[in-house]
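Visitor: Fold the following and give me the result.
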Amino acid sequence: MLKNAYKTYKMAPLPLLEENFAVLLMKNAERILKQAKKSLKEAIKRHKKGESININEASTML
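Guide: Just a heads-up that it's a prediction; the model follows:
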């Protein structure tokens, strides 16, 4: 993916670059939010079972 982004950077005019970069940032943010929701759901399940939640483990999932 980074190679494609780099090729786009080398070949694209500036407005297109900014647009592509914004799209990449949005996709990355969506992925992070999706993973955070998944991690939170897992932590809630563990808490309901009476298990302890390892903060480091949860943060590395993000």
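
Visitor: I'd like the average pLDDT over the lengthiest helix in the chain.
Guide: Under DSSP state H, the helix in the chain containing the largest number of residues is helix 14-49. For helix 14-49, the mean per-residue pLDDT is 82.

Visitor: And that helix, what's buried?
Guide: Judged by neighbour count (16 or more other Cβ atoms under 10 Å), helix 14-49 contains these buried residues: 39, 43. C-betas here are computed from N, CA, C, even on glycine.

Visitor: so what does that helix touch, helix or strand wise?
Guide: helix 2-11, helix 55-61 (3 or more Cβ pairs under 8 Å, 6 or more residues apart in numbering; DSSP states H and E).

Visitor: Go again with 6 Å.
Guide: helix 55-61 (3 or more Cβ pairs under 6 Å, 6 or more residues apart in numbering; DSSP states H and E).

Visitor: For the helix it packs on, the averaged confidence score.
Guide: On average, helix 55-61 scores 57.

Visitor: who touches stretch 41-60?
Guide: Ser39 (Cβ atoms under 6 Å, 6 or more residues apart in numbering).

Visitor: Can you dump the C-alpha atoms of it in PDB for me?
Guide: Provided in PDB are the C-alpha atoms of stretch 41-60 (Å, rounded to 0.1, in the frame of the first residue of the first chain):
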ATOM      1  CA  LYS A  41     -16.400  -5.300  23.400                       C
ATOM      2  CA  GLU A  42     -13.900  -7.900  24.400                       C
ATOM      3  CA  ALA A  43     -12.900  -6.000  27.500                       C
ATOM      4  CA  ILE A  44     -16.600  -5.800  28.500                       C
ATOM      5  CA  LYS A  45     -17.100  -9.500  28.000                       C
ATOM      6  CA  ARG A  46     -14.000 -10.300  30.200                       C
ATOM      7  CA  HIS A  47     -15.200  -7.900  32.900                       C
ATOM      8  CA  LYS A  48     -18.700  -9.500  32.900                       C
ATOM      9  CA  LYS A  49     -17.000 -13.000  33.300                       C
ATOM     10  CA  GLY A  50     -15.100 -11.600  36.300                       C
ATOM     11  CA  GLU A  51     -11.700 -11.700  34.500                       C
ATOM     12  CA  SER A  52      -9.200  -8.900  34.900                       C
ATOM     13  CA  ILE A  53      -8.400  -6.700  32.000                       C
ATOM     14  CA  ASN A  54      -4.800  -6.100  31.000                       C
ATOM     15  CA  ILE A  55      -4.500  -2.500  29.800                       C
ATOM     16  CA  ASN A  56      -1.300  -3.100  27.900                       C
ATOM     17  CA  GLU A  57      -3.000  -6.000  26.000                       C
ATOM     18  CA  ALA A  58      -5.900  -3.800  25.100                       C
ATOM     19  CA  SER A  59      -3.800  -0.900  24.000                       C
ATOM     20  CA  THR A  60      -1.600  -3.100  21.700                       C
END
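
Visitor: All set now, cheers.
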